[in-house]
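Asks: Provided below are the primary sequence and the corresponding predicted coordinates.
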2 protein chains.
Amino acid sequence: MNARSAKEVVFRGGRLADGRLVDLTVRDGVVHVVQAAIPSSPDDEDLCGLLLLPALVDGHVHLDKTFLGLPWRSHRAGPTVRHRIEAEKAGRGDLGLSVERRALNFLDRALSRGTVALRSHVDIDPACKLDHLHGVMAAREARRGRIDVQLVAFPQSGLLTAPGVSDLLDAALREGVELVGGIDPIGVDGDLDGHLDAVFGLAERHGVGVDIHLHDPGYQGALELRAIAERTRVLGLGGRVTVSHAFALATIDAKTLAITAEALAVAGVTILTNGPGPTPLIPIETLRAAGVAVAAGSDNVRDAWSPFGNADMLERAMLIAYRAGFRTDEGLATALALATTASATMMGRPSHGLAVGHVADFIAVDAETPAEAVVDRPPRALVVKAGRVVARDGSLVRENVSA
Amino acid sequence: MNARSAKEVVFRGGRLADGRLVDLTVRDGVVHVVQAAIPSSPDDEDLCGLLLLPALVDGHVHLDKTFLGLPWRSHRAGPTVRHRIEAEKAGRGDLGLSVERRALNFLDRALSRGTVALRSHVDIDPACKLDHLHGVMAAREARRGRIDVQLVAFPQSGLLTAPGVSDLLDAALREGVELVGGIDPIGVDGDLDGHLDAVFGLAERHGVGVDIHLHDPGYQGALELRAIAERTRVLGLGGRVTVSHAFALATIDAKTLAITAEALAVAGVTILTNGPGPTPLIPIETLRAAGVAVAAGSDNVRDAWSPFGNADMLERAMLIAYRAGFRTDEGLATALALATTASATMMGRPSHGLAVGHVADFIAVDAETPAEAVVDRPPRALVVKAGRVVARDGSLVRENVSA
């Protein structure tokens, strides 16, 4: 007798990281049983011994910036943050696709590569106002249920120095954006306290989280990190504040690093990295050992800031491991954790990963071990979101995708 | 009238880097005509507008070290060169496949990804003697005509400090190995002049080139580089000497770098990089501007030294560009040149690349521009070696492969 619930799905014969072959029963989108000797049914999904991994989570993207879907665009910006901000704004006019369309291209590509949740910053400035936000929100709506999108109202061109941006951020948060962003309080706005007053003021007023881009280098950057940690601690925002990039952590002396890491850990500030290429990498293991949460994201994917990237968080894990010199299975597992459970936790989803009672968000790949999956980045044989197969062999499952 | 030579092949409708659609006529393996309005034939290969690029050339691999074809092996070595040498030797006993078989796995994978020529270092030490060399030579013989393999007799465990290695290198060179290797004259052998006397002595006696692994850091490494340049100049070995890695160039001050680069340029010493992850990258553009030839190679591919790598030189070009911060089309073209023409020149093949009179070694990929090919690394739709299609859509063409 096969008396399954109508909303039950069985994934048969997958392999866990420890090598065990298991069947997964998913009920109402949640993992119900792992390794049960239940009767088989023709509706079962046969995993054929593929390796099961938690679904990928991208903690930092820019859905409104990507050129995905456009003809090749040569990189034109100069080497500094300011150059890139200006080059990007100058090029906005000749993008042939809408923000919504480009965001959809990104979301579909990310999903086909196993990302079921992501956090996107969205530019808000005096020129584009809330236009990008509305485009990204439309794309999010069109893919609701397949990929979860969290948004950050991002003052890319400055908050204090760009007229009206504070009010625009306020308007964005009234429209339901989940986090308020910030950028280089000293380097871009030239006013550490003023910038943080504005960002944390908006966070308090709207009850939202914070995610600040920090490119400012060395001791200046470390000072800003400690100021952000202090505000986070005082306001009780632990677990809801992220600093993205935080390049400063890569270049300060060990004692300053220890003091800064402790402040971040105590306050509950997450540090997010994309494993940058030319910039020194932040000391991931030292930070984690000090109790700092470290998450991972793609950052720029083929946009005015960078031609690199492909919305594949398994490749991102490889790049982070490659940069960090993670060669052991343990190190490679750390890189994978950054791109799965750690980014999920940052997004307020602590119950991520294959376990009874967790939402059934996972991928199946042809790899022997998680370490091999990171170094090889095999195509995603199966992407499962809340128990539903949303992509197969690198392509989206159509009935789940049409908006 | 179609009066083609029996040894003529036409590749129709490929796209060059400048956007022109061309037909290529290849006669006896050499590009004979580009963009001729010749009559078509059913035997023509239709390139359907795919982008044509020079075939890839891997300037530095270790065919005897790779674990390709073996079950996943967790990385066990400690962080230093010495640790890795010892861990590798300790693990040799339990490799289930012969050197020849693993080398064949590497060659087939490299060829399927568009590499038609490579230089492999082969360990020679008191324990393995010439065994690895003979295995690699058998693999090379089995793939002759499809992928060109140049060998370096490599004293991985030291030359002066490992008993009998000098004689073993001498024996290897008598067997037709094309280059003599070396390793960290100070860091491994503790005797700069003694090590270089031995290496360059063998090179002179056998009339072969030199390729030295140099991990030694900072000013010590720079001193060694200038000593190698001086010997190269005095012996007239310009163009036949390579220093692989040369990490030292990444960490010395600008004045020492300028002096060292000038010495390398004047002597004709090539510097080879694999775009390492955790180690600072050598200043590729500064070196090239100073007239130093810079080439690229995979280095370790899934072996006791590193779990990373996949024998794909287009991915290697991406990693080098990513590390170097090459974002413009020009920068990405430089990375591609390192993985094609520059490595070919290092291997004594200056006429590499799509031009009349050159050997018809090229790949065809689905990309709009060379820059896009580097960032995207699309599958190789076609790999052509001396006018013969040796791989198609990422898989080897069978009749050309069976040994």
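Replies: Thanks, I have the structure now. Numbering: from 1, shown residues only, chains lettered A, B, ... in the order given.
Asks: Contact residues of chain A facing chain B?
Replies: Taking Cβ under 8 Å from any Cβ of the partner chain as the measure of proximity, chain A contacts chain B at A:71-72, A:74-77, A:79, A:277-278, A:281, A:302, A:306-310, A:318-319, A:321-325, A:327-329, A:332, A:368-369, A:371-372, A:375-376. Using the backbone N, CA and C atoms, a C-beta is placed for each residue, glycine as well.
Asks: the helices in the stretch 301-403 of chain A, which residues?
Replies: A:313-324, A:329-337, A:343-346, A:370-376 (DSSP state H, counting those that start in this stretch).
Asks: hmm, back to that, buried subset of the residues of chain A next to chain B as a ChimeraX selection?
Replies: Applying 16 or more other Cβ atoms under 10 Å in any protein chain shown to these, the buried members can be selected in ChimeraX as follows:
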select /A:75,77,277,281,302,306,307,308,309,310,318,319,321,322,323,324,325,327,328,329,332,369,371,372,375,376
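Asks: Now for the residue lying closest to residue A:35 once chain neighbours are set aside, how many residues are close by?
Replies: Spatial nearest neighbour of residue A:35, excluding adjacent residues (Cβ to Cβ, 6 or more residues apart in numbering or on different chains): residue A:22 at 4.2 Å. Counted with other Cβ atoms under 10 Å in any protein chain shown, the neighbours of residue A:22 add up to 18.
Asks: Please name the residues that touch residue A:22.
Replies: Applying Cβ atoms under 8 Å, 6 or more residues apart in numbering or on different chains to residue A:22 gives the contacts A:13-16, A:34-35, A:52.
Asks: Please name whichever of the helices of the stretch 301-403 of chain A is nearest to residue A:159.
Replies: helix A:343-346 (22.2 Å; Cβ to Cβ).
Asks: For chain B, see how far away the spatially most central residue of chain A is.
Replies: In chain A, the C-alpha nearest the mean C-alpha coordinate belongs to residue A:59, at 1.4 Å (Cα atoms, centre = their mean). Going from residue A:59 to chain B by Cβ to the nearest Cβ, to the nearest Å gives 19 Å.
Asks: Let me know the next secondary structure element after the helix or strand encompassing that residue.
Replies: Secondary-structure element containing residue A:59, defined by DSSP states H and E: strand A:56-61. Once the chain leaves strand A:56-61, the next helix or strand it forms, by DSSP H and E, is helix A:81-91.
Asks: elements contacting the helix or strand that that next one is followed by?
Replies: With elements assigned by DSSP H and E, the helix or strand that comes after helix A:81-91 is helix A:99-112. Secondary-structure packing of helix A:99-112 (3 or more Cβ pairs under 8 Å, 6 or more residues apart in numbering or on different chains; DSSP states H and E): strand A:56-61, strand A:115-123, helix A:131-142, strand A:380-385, strand A:388-392, strand A:395-396.
Asks: just to revisit the earlier point, want to try CSV for the helices of the stretch 301-403 of chain A, with mean pLDDT as columns?
Replies: Formatted as CSV, the helices of the stretch 301-403 of chain A follow (pLDDT from 0 to 100):
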stretch, mean pLDDT
helix A:313-324, 98
helix A:329-337, 98
helix A:343-346, 98
helix A:370-376, 98
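Asks: how close does residue A:15 get to residue A:174?
Replies: Distance from residue A:15 to residue A:174, counting by Cβ to Cβ, to the nearest Å: 47 Å.
Asks: ok so, going back, which residues does the strand holding residue A:59 contact?
Replies: Strand A:56-61 has contacts (Cβ under 8 Å, 6+ apart) with A:106, A:110, A:113-121, A:211, A:242, A:244, A:272, A:274, A:295-299, A:301, A:311, A:313-314, A:316, A:339-344, A:346-347, A:349, A:352, A:363.
Asks: who does the longest helix anywhere in chain A touch, helix- and strand-wise?
Replies: When chain A is scanned for its longest helix (criterion: DSSP state H), the result is helix A:218-234. If you count contacts as 3+ Cβ pairs under 8 Å, 6+ apart, helix A:218-234 packs onto helix A:192-206, strand A:209-214, strand A:241-245, helix A:254-267, strand A:269-273.
Asks: Go through these and name the closest to residue A:396.
Replies: strand A:269-273 (26.7 Å).
Asks: ok, and what's touching that closest one?
Replies: With Cβ under 8 Å, 6+ apart, strand A:269-273 has contacts from A:59-60, A:211, A:225, A:228-229, A:232, A:238-239, A:241-246, A:249, A:264, A:281-282, A:284, A:287, A:292-297, A:320, A:338, A:343, A:346.
Asks: quick one: contacts of the helix or strand following that strand?
Replies: Where DSSP H and E defines the elements, the next helix or strand beyond strand A:269-273 is helix A:284-289. With contact meaning Cβ under 8 Å, 6+ apart, helix A:284-289 is reached by A:249, A:257, A:261, A:264, A:271, A:273, A:294, A:320, A:324, A:334, A:338.
Asks: same thing but at 7 Å, please
Replies: A:249, A:257, A:261, A:271, A:294, A:324 (Cβ atoms under 7 Å, 6 or more residues apart in numbering or on different chains).
Asks: One more: stretch A:329-336?
Replies: Stretch A:329-336 is contacted from outside by A:317, A:320-321, A:326, A:369-371, A:374-375, B:74, B:307, using Cβ under 7 Å, 6+ apart.
Asks: Go through these and name the one nearest residue B:162.
Replies: Taking Cβ to Cβ as the measure, residue B:162 lies nearest residue B:307 of the contacts of stretch A:329-336, at 26.6 Å.
Asks: In this structure the closest one contacts residue B:76, no?
Replies: No - counting by Cβ atoms under 7 Å, residue B:307 does not reach residue B:76; the two are 10.6 Å apart.
Asks: What count of nearby residues applies to residue A:64?
Replies: Residue A:64: 27 neighbours (other Cβ under 10 Å).
Asks: Can you give me the domain boundaries for chain A?
Replies: Structural domains of chain A, as assigned by automatic domain parsing, span the residue ranges A:8-54+A:353-398, A:56-346.
Asks: wait, which of these is closest to residue B:162?
Replies: Going by Cβ to Cβ, the one of the domains of chain A nearest residue B:162 is domain A:56-346, 25.2 Å.
Asks: what's the span of that closest one from first residue to last?
Replies: By Cα to Cα, to the nearest Å, the extent of domain A:56-346 from end to end equals 13 Å.
Asks: now do stretch A:241-255
Replies: So stretch A:241-255: terminal residues 24 Å apart, Cα to Cα.
Asks: what about it, average pLDDT?
Replies: Across stretch A:241-255, pLDDT averages out at 98.
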